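K.L.:
model this:
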Amino acid sequence: MTILQSIILGIIQGATEFLPISSSGHLVLTPHLLGWNIQDQDAFVFDVLVQVATLVAVVAYFWDDLYKITLAFVRGLWQKQPFSNRDARMGWLLGLATVPAGAAYLLFSDTFERAFGSPLATALFLFGTATLLLVAERIGKRDRDYESINWIDAIVIGIFQILAIFPGISRSGATITGGMTRNLDRPSAARFSFLISVPVMLAAGLVGVIKLIDLPNTASRIPIFLPGFIAAAIVGYISIRWLLRFLNHRPLYVFTIYCAVFGMINLVIILI
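P.N.:
Alright, predicted model coming up:
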């Protein structure tokens, strides 16, 4: 991997992690489309680092929310009143929404990892993301806000998050869809989607870092990967801010069209 490739893929990761167009799909398909021959070990190390970068972005953007939720959650446990206020309850809801995808990955990790080796499967799954976003707009009544989220919503959104383990299925797209099928408005569904990404990214980052320790010559690659890390963090922060503003006034159809077109282009190229 070169520094230029690192920066380009970092920008792609930062934008597509939070926009509902599948970061995993873009990271799998972009090198394939551009003819980049990136070694598997380099790809793995880079994926771990940019995952941590986008975690930095979402934590930075939602710092106040996360601080209040964490403080209330810990205080509620300490005082033996775990559901004493809205922030404490939100901590439990975020944890609850994380359980389904975590359990699914532990049970079927081999199946999910094999899918990442198939550009064809990734291109097809992009049509799945397009379908999810279309369903969200067609079904959702959008008459509930963030404060109304309950444990049933958390479970439903968590189940939708299982789909995002497959490359090409957008995590934010799946979880926003889950929220909108529960009649949350678009910004509220997106906000909860971004917040539940924190424990997911944190767990993935920790697992990835543990694996990195066992790999040889990782330190020598850091100067190449660092620009990509910085690009992913900056673009990720901007993407969160932009999408939340966008969803205040506009539907998800533009992302539906993008996923369908991008998936079709890749499908044609792969089959040819």
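K.L.:
Over to His249: give its phi and psi.
P.N.:
phi -130, psi -10 (degrees, to the nearest 10).
K.L.:
That one: how many residues sit nearby?
P.N.:
Neighbour count for His249, taken as other C-beta atoms under 10 Å: 8. Glycine gets a C-beta too; all of them are placed from N, C-alpha and C.
K.L.:
ditto for Leu9
P.N.:
25.
K.L.:
quick one: contacts of the helix or strand where it lies?
P.N.:
Following DSSP states H and E, one finds Leu9 within helix 3-16. If you take C-beta atoms under 8 Å, 6 or more residues apart in numbering as the criterion, helix 3-16 is touched by 22-23, 25-27, 30-31, 36, 38, 46, 50-51, 53-54, 57, 170, 224-239.
K.L.:
Using CSV, write out every CA atom in that helix.
P.N.:
Written as CSV, here are the backbone C-alpha positions of helix 3-16 (Å, rounded to 0.1, in the frame of the first residue of the first chain):
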residue,chain,number,x,y,z
ILE,A,3,0.6,6.7,1.1
LEU,A,4,-1.8,7.9,-1.7
GLN,A,5,-3.8,4.7,-1.5
SER,A,6,-3.9,5.1,2.3
ILE,A,7,-5.3,8.6,2.0
ILE,A,8,-7.9,7.7,-0.6
LEU,A,9,-9.1,4.7,1.3
GLY,A,10,-9.1,6.7,4.6
ILE,A,11,-11.3,9.4,2.9
ILE,A,12,-13.6,6.6,1.6
GLN,A,13,-13.8,5.0,5.0
GLY,A,14,-14.6,8.2,6.8
ALA,A,15,-17.4,9.1,4.4
THR,A,16,-19.0,5.7,4.0
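K.L.:
which residues of the stretch 101-250 of the chain score low on pLDDT?
P.N.:
Scanning the stretch 101-250 of the chain for pLDDT under 70 picks out 108-117, 207-208, 211-219.
K.L.:
what ranges do the helices span in it?
P.N.:
119-139, 151-163, 171-181, 186-213, 218-247 (DSSP state H, counting those that start in this stretch).
K.L.:
helices or strands up against the second one?
P.N.:
Under the contact criterion of 3 or more C-beta pairs under 8 Å, 6 or more residues apart in numbering; DSSP states H and E, the helices and strands touching helix 151-163 comprise helix 86-115, helix 119-139, helix 171-181, helix 186-213.
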